[in-house]
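K.L.:
3D, please:
(chains A and B)
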Amino acid sequence: MDYVYTILILIGLFVILASSFDLVIGHCGLISIAHPIFYAIGAYVSAMLAKEAAVPIPLAILCGGAAAFVSSVLVALPSLRVSGDYLLIASIGFQLGLIEFAKHIHSIGGAGGLTNIPPFLVNDYGRLSYVALVLAVAVLTVLFVRWLTHGPYGRMMAAMRDDELAFSMLGRNAIWLKVSVFAIGSGIAGVAGGLYAHYFRFLEPDQFGLLQSSAILTMVVVGGMRTTMGPVIGAIVLQILPQAITFFGLPPSILGPLQGLMFSGLVLFFMFARPQGLLAAPDIWAGRKAKAGEPRGLAKGGLADG
Amino acid sequence: MVDVLTVSGLEKRFGGIVVADNIELALVKGRVLGLIGPNGAGKTSFFNLVCGVVKPDAGSIVLAGQEINSLPIRERARMGLARTWQNLRLFQSLSVLDNLMLGPRAYCADNLFNVMLRPGHVTGAERDSRDRAYAILERTGLADIAQSPIRDITFGQQKLVGVARALMNDAQCLLLDEPMAGVEGQAYALIQRVVRDIAASGVAICVVEHNVAFIRDLCDEGVFMFAGKVLARGTVESLIADPQLTELYFGT
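P.N.:
Numbers count the residues shown, from 1 in each chain, chains lettered A, B, ... in the order given. The predicted model follows:
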């Protein structure tokens, strides 16, 4: 049963990661794949605060999220001020650089990893309570992203993606919007990191590398970008598929690279065969029917001419 | 005669190409100024310089008494400078109404703090700007297609959406880049009337347009531009009657 709980927790964590990553790359159109580094920052900060400073674990997890939020602003601000394209380079540099850096810091476990992270909930209430916690945060994340992208803030993201110059000419601040959304997405990833740390109780720098980047990207692409449930479906499918492969009894030396191949293969396949992902949704903002209670409930016009 | 926008000594060159050569121009409250000139005369570049899309090499741009040379595009917009674009630049994945909703100088969700912590405040501001958007759509004859995606409406309607979106700014100064190109029939009279009304409400307007009849009917005054220079200023009638200018316009 523990195995099932662990899979459920991983699914929940990757739903949080994929959904928050879709906010950044899908809804806001920010090209970055360094999401795992903010997951790592949240995990390490939360683990160290709980382990070394005896900070209560819920508070430590929130501090992990805040640390990810702040560091993402520091990465995004300079690169987005130059041009959006630099974000990809700057964020990957930050990701790989910080991983190497962490390997050489002995106080956080170095390359061997950080062990004996204080557990949360499991000892007192059993593993099921942790499953419930992670799934609750996952549901909240999905609902939050949906709320943000379907409201006036989401309208700004859609418009900025379409035409940044026209967007600025209306008086809107594109840089500020990008930095804010990047920080929100990264902060959520940081919270997921804290949740990871206090369940698995072991962290090593290498697990937050490019393989994890491609896993999260694959989840979003396969599930369907800019859809509410796409990242959820993607996270479930891509969490279960690698588990299924393990039943073939392949040696670990083949299993690891095989997962990487599978992720890249899936992204390529979907980009060619079904770019909208498993769940295709119409644009959130194009021709939305007037909601009940709007002052002028006009039905969708659909006039081709006239 | 109140000058809303004053441009003086404006210079800009891209390599050997001069797009602004010591331009001196003022836009007056409540009046419509037409910019006439052949392609490449620097008319759209003038708009880009005023809006901050392109930085000038020299000269000053003053909007309502404040120099705006060093301000970014968005700050100029927030001071009441609005424009339309030759190639429209509408938000394709948004409906007509949502295109307008993004247009006010201060947008309800500009402040993330309000979005997160004062949702009621944002909803109220959203409702107000929706009412304003519908009033403008009504005025521009677009109310019936408010919910349509941009790609589902005709080119003439898209032109009007561009103007309507600029009106959401409640601008002091409005720059219209070829509002008539590709527009026929009913929209002609409608755009004329809308622009006249806006000017009458005290906005300084500048129009770039190749349709000479349109500009003659609409503008209080015209300016003839050539190779980045303002060659002549006067009534549109006098400008198009000048044989020298006509020769420059049509080439020889």
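
K.L.:
for chain A, see how far away the closest residue to residue B:160 other than its chain neighbours is.
P.N.:
Leaving aside its chain neighbours, residue B:160 sits nearest to residue B:140 (5.0 Å; criterion: C-beta to C-beta, 6 or more residues apart in numbering or on different chains). The C-beta positions use only the backbone N, C-alpha and C, and glycine is treated the same way. Between residue B:140 and chain A the computed distance is 14 Å (C-beta to the nearest C-beta, to the nearest Å).

K.L.:
and what of residue B:145?
P.N.:
Using C-beta to the nearest C-beta, residue B:145 is found at 4 Å from chain A.

K.L.:
over to residue B:64?
P.N.:
Separation of residue B:64 from chain A (C-beta to the nearest C-beta) stands at 15 Å.

K.L.:
ok, now which ones touch that residue?
P.N.:
Contacts for residue B:64 (C-beta atoms under 8 Å, 6 or more residues apart in numbering or on different chains) come out as B:4-5, B:79-80, B:172-173.

K.L.:
which of the residues you listed sits closest to residue B:242?
P.N.:
Nearest to residue B:242 among the contacts of residue B:64: residue B:5, at 25.6 Å, using C-beta to C-beta.

K.L.:
could you look up the SS state of the residue nearest to the closest one when sequence neighbours are not counted?
P.N.:
Leaving out its chain neighbours, the residue that sits closest to residue B:5 by C-beta to C-beta, 6+ apart is residue B:27, at 4.2 Å. Three-state assignment for residue B:27 (DSSP: H, G, I helix; E, B strand; the rest coil): strand.

K.L.:
most neighbours of all the contacts of residue B:64, which one?
P.N.:
For the contacts of residue B:64, counting by other C-beta atoms under 10 Å in any protein chain shown, the largest number of neighbours falls to residue B:4: 24 neighbours.

K.L.:
would you agree that one is in contact with residue B:62?
P.N.:
No. Between residue B:4 and residue B:62 no contact is recorded; they are 9.3 Å apart, counting by C-beta atoms under 8 Å.

K.L.:
let me see the ranges of the strands in the stretch 101-250 of chain B.
P.N.:
Assigned by DSSP state E, counting those that start in this stretch, the stretch 101-250 of chain B shows strands spanning B:173-177, B:204-208, B:221-226, B:229-234.

K.L.:
which residue would be the closest one in the stretch 151-252 of chain B to chain A?
P.N.:
Closest approach between the stretch 151-252 of chain B and chain A, counting by C-beta to the nearest C-beta: residue B:154, at 5.4 Å.

K.L.:
from residue B:137, how far off is that residue?
P.N.:
According to C-beta to C-beta, to the nearest Å, residue B:154 and residue B:137 sit 15 Å apart.

K.L.:
okay, these two: which has more neighbours?
P.N.:
residue B:137 (23 against 16).

K.L.:
how much space between that one and chain A?
P.N.:
9 Å.

K.L.:
how far does stretch B:27-44 sit from the chain's center?
P.N.:
With C-alpha atoms, centre = their mean, to the nearest Å as the basis, stretch B:27-44 stands 10 Å off its chain's centre.

K.L.:
list the buried residues in that stretch.
P.N.:
For stretch B:27-44, the neighbour count (16 or more other C-beta atoms under 10 Å in any protein chain shown) marks B:27-37, B:41-44 as buried.

K.L.:
could you dump stretch A:174-186 to PDB, C-alpha only?
P.N.:
The C-alpha coordinates for stretch A:174-186 follow below in PDB (Å, rounded to 0.1, in the frame of the first residue of the first chain):
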ATOM      1  CA  ALA A 174       4.500  43.700 -20.100                       C
ATOM      2  CA  ILE A 175       7.800  43.200 -18.200                       C
ATOM      3  CA  TRP A 176       6.000  43.400 -14.900                       C
ATOM      4  CA  LEU A 177       3.400  40.900 -16.000                       C
ATOM      5  CA  LYS A 178       6.000  38.400 -17.200                       C
ATOM      6  CA  VAL A 179       8.100  38.700 -14.000                       C
ATOM      7  CA  SER A 180       5.000  38.400 -11.800                       C
ATOM      8  CA  VAL A 181       3.700  35.300 -13.600                       C
ATOM      9  CA  PHE A 182       7.100  33.700 -13.600                       C
ATOM     10  CA  ALA A 183       7.400  34.300  -9.900                       C
ATOM     11  CA  ILE A 184       4.000  33.000  -9.100                       C
ATOM     12  CA  GLY A 185       4.600  29.800 -11.100                       C
ATOM     13  CA  SER A 186       8.000  29.300  -9.500                       C
END
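
K.L.:
helix or strand with the lowest mean pLDDT in the chain?
P.N.:
All of this is about chain A. helix A:122-125 (a mean of 79; mean pLDDT, DSSP states H and E).

K.L.:
residues contacting residue A:166?
P.N.:
Applying C-beta under 8 Å, 6+ apart to residue A:166 gives the contacts A:159, B:85, B:89-91.

K.L.:
mind listing the helices for the stretch 1-150 of chain B?
P.N.:
Counting by DSSP state H, counting those that start in this stretch, the stretch 1-150 of chain B has these helices, from start to end: B:43-51, B:73-78, B:96-101, B:112-117, B:119-139.

K.L.:
deepest of the ones you listed, which one?
P.N.:
Counting by mean count of other C-beta atoms under 10 Å in any protein chain shown, helix B:96-101 has the highest mean neighbour count of these, with a mean of 27.

K.L.:
can it be found next to chain A?
P.N.:
Yes. Helix B:96-101 comes into contact with chain A (C-beta under 8 Å from any C-beta of the partner chain), by way of B:96, B:98-99, B:101.

K.L.:
so how far is that helix off the chain centroid?
P.N.:
Relative to its chain's centre, helix B:96-101 lies at 17 Å (C-alpha atoms, centre = their mean).

K.L.:
average pLDDT across it?
P.N.:
Across helix B:96-101, the average pLDDT comes to 96.

K.L.:
what helices and strands are in contact with that helix?
P.N.:
helix A:152-162, helix B:119-139, helix B:155-167 (3 or more C-beta pairs under 8 Å, 6 or more residues apart in numbering or on different chains; DSSP states H and E).

K.L.:
could I get those helices in TSV, plus columns for mean pLDDT and distance to residue B:244?
P.N.:
Formatted as TSV, the helices and strands packed on helix B:96-101 follow (pLDDT from 0 to 100; distance: least, C-beta to C-beta, whole Å):
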stretch	mean pLDDT	distance to residue B:244
helix A:152-162	95	44
helix B:119-139	94	40
helix B:155-167	93	32
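
K.L.:
per-residue confidence at the residue nearest to residue B:160?
P.N.:
Model confidence at residue B:140, given as pLDDT, is 91.

K.L.:
what do you get for the one 5 residues further on?
P.N.:
The confidence metric pLDDT takes the value 95 at residue B:145.

K.L.:
same question, residue B:22
P.N.:
Taking residue B:22 on its own, its pLDDT is 95.

K.L.:
that one against residue B:229, yeah?
P.N.:
Yes. If you go by C-beta under 8 Å, residue B:22 and residue B:229 touch, sitting 7.3 Å apart.

K.L.:
is it true that the residue nearest to residue B:5 touches residue B:204?
P.N.:
Yes. Taking contacts as C-beta under 8 Å, residue B:27 lies within contact range of residue B:204: 4.0 Å.

K.L.:
shared neighbours of the two, which are they?
P.N.:
Common contacts of residue B:27 and residue B:204, defined by C-beta under 8 Å, 6+ apart, comprise B:3-5, B:33, B:173.

K.L.:
which of those fall in strands?
P.N.:
Among the shared contacts of residue B:27 and residue B:204, the residues falling in strands (DSSP state E) are B:3-5, B:33, B:173.

K.L.:
can you give me the helices for the stretch 1-150 of chain A?
P.N.:
Secondary structure of the stretch 1-150 of chain A (DSSP H, counting those that start in this stretch): helices located at A:2-21, A:35-52, A:57-82, A:85-103, A:122-125, A:127-150.

K.L.:
all set, thanks.
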